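S.K.: Curious how this folds, go ahead:
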Amino acid sequence: MSEIKVNSIKGVGASAAAITVNNTDGTCTANITNKPNRNLIINGAMNVAQRGTSFSGTAQQYTLDRMQINTAGNDEIAQTEQATVTSGGAYTSGFRKCLKIINGNQTSGAGATDIVHLKMVLEAQDIANSGWNYTSSSSFVTLSFWIKSSVAQDFPITLRSEDGTRQVYNMTTGSLSADTWTKITKTISGNSNLQFDDNNAAGLTLFINAFVGTDYTTGSLAQNAWSAWSGAKQGDNMTSTWYTTNDATLELTGVQLEVGSVATDFEHRSYTDEIRLCERYFQTSFEQGQAPTHGLSKCIYKLGRPYSSQNVAGMHHTLRTEMRATPTTTIFTSTNGSNSTTNRVSYFSLSAGWSSGAISIHNSSSTKQFAFDGTLSADLVLYQFNFKAESEL
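M.R.: Prediction:
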């Protein structure tokens, strides 16, 4: 009977072979495509937007969770928003939200120091413990994402290591058709010069560049290879068509970075799981995308003093998720929802109504909670406040 040779076994609808057969020695390799926690990018589907759904007027800011927009030299700073995906390949792949960059009117043209780019920073320990043998050129991570531009051109992509001597890996999307969702896949090898420390500091940064001026680019820059970082290695010299087109748009979703040489299907995490990952870096007591307002206080503490002569008070508020590092905490008063510049918490006395509190936020917050201390001016009070806590990289 003749021998039947099979190169691979692929499940229905799968994008990669589940089992690869070596016809020389008969060994089989399983390519697990549904293992959990394989995506090193947090909020890659752009579903979580705790800070809001539209942003403008700031040169450097976090917008959708874990996504930072950097701009420089713009005549009109690009706006960013959480937009809805309604059709195309990204839609049929299960995405309903995207990050959308809207270019301004760059009346003076494309300047040498102008920048518009999206930045994602990953913790060093997440790379060090990912299973990627990053110092080996035969070990890989794979980057994939969906992108849509209103202007037909290509866009530079940059990976930068942050520990030791910074290294950079430059790529491009290739030429995109206008107004068409396109899936980009890039496989990146390790390199002996890479270093990722086992700590909670910045380890790996991904840049997706809408525009980078010539002061930060290099003509004929080597692509798909690691080299030492310099300020002029943020991409090959690029066309300025998108940047000089008023109100041009660039949309992005489905960002995934995973260990291995194959781009598996995107890991669609539940909203509950995704927001908990985001809260390691930013969390609030009020609803996503909303301002803290009177009557919606989420943090309420009842305090009393056992004797009128004892007026020292203290309390601890436990954060929902332990944060990456000690957060910068802002307290919002319950009376008007505005930021209390004195860091004081408004309170409601059961006999006196709303008045100015004497409890202030303690300077020594931890990654799990922040503390208050101060004095009580009434026998029984309800302290009410909202907060935001930030511990970004």
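S.K.: Show me where the stretch 51-200 of the chain dips below the pLDDT cut-off.
M.R.: Filtered on pLDDT under 70, the stretch 51-200 of the chain yields no residues whatsoever.
S.K.: if you go through it in chain order, where are the helices?
M.R.: Using DSSP state H, counting those that start in this stretch, the helices assigned to the stretch 51-200 of the chain run over residues 88-92, 124-128.
S.K.: how about the first one: buried residues?
M.R.: Of all the residues in helix 88-92, those buried under the rule 16 or more other C-beta atoms under 10 Å are 88, 90, 91. Every C-beta, even on glycine, is put in place using the N, C-alpha and C of the backbone.
S.K.: Which residue, neighbours along the chain excluded, lies closest to residue 279?
M.R.: Beyond its immediate neighbours in the sequence, the residue positioned closest to residue 279 (C-beta to C-beta, 6 or more residues apart in numbering) is residue 321, lying 3.9 Å away.
S.K.: That neighbour: which element?
M.R.: Take DSSP states H and E as the rule and residue 321 turns out to sit in neither a helix nor a strand.
S.K.: Against residue 386, how distant is it?
M.R.: Per C-beta to C-beta, to the nearest Å, residue 321 is found 17 Å from residue 386.
S.K.: Same drill for these two, tell me which one is more crowded.
M.R.: Comparing residue 321 with residue 386 by neighbour count (other C-beta atoms under 10 Å), the higher total belongs to residue 386, at 24 against 17.
S.K.: Including distance to residue 228, could the helices of the stretch 51-200 of the chain go into JSON lines?
M.R.: Compiled in JSON lines, those are given as follows (distance: least, C-beta to C-beta, whole Å):
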{"stretch": "helix 88-92", "distance to residue 228": "35"}
{"stretch": "helix 124-128", "distance to residue 228": "18"}
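S.K.: show me where pLDDT drops low in the stretch 201-350 of the chain?
M.R.: In the stretch 201-350 of the chain, residues with pLDDT under 70: 293-297, 305-310, 312-313, 333-350.
S.K.: switch to 90 and redo it
M.R.: Residues of the stretch 201-350 of the chain meeting the criterion pLDDT under 90: 219-222, 231-236, 285-317, 328-350.
S.K.: which residues in it form strands?
M.R.: All strands of the stretch 201-350 of the chain, identified by DSSP state E, counting those that start in this stretch, fall at 202-212, 226-228, 249-259, 282-284, 299-304, 312-318, 328-333, 347-349.
S.K.: Is it possible to get a markdown table of those that adds mean neighbour count and distance to residue 184?
M.R.: Converted to a markdown table, these look like this (neighbours: other C-beta atoms under 10 Å; distance: least, C-beta to C-beta, whole Å):
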| stretch | mean neighbour count | distance to residue 184 |
| --- | --- | --- |
| strand 202-212 | 23 | 9 |
| strand 226-228 | 15 | 19 |
| strand 249-259 | 24 | 10 |
| strand 282-284 | 21 | 27 |
| strand 299-304 | 14 | 43 |
| strand 312-318 | 14 | 41 |
| strand 328-333 | 20 | 34 |
| strand 347-349 | 20 | 53 |
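S.K.: can you give me the strands in the stretch 51-200 of the chain?
M.R.: Under the criterion DSSP E, counting those that start in this stretch, the stretch 51-200 of the chain contains strands at 54-55, 60-62, 68-72, 79-84, 97-102, 115-123, 140-149, 156-161, 167-172, 182-189.
S.K.: Relative to the whole chain's centre, how far out is the shortest one?
M.R.: Centroid separation between strand 54-55 and its chain, computed with C-alpha atoms, centre = their mean, to the nearest Å, is 15 Å.
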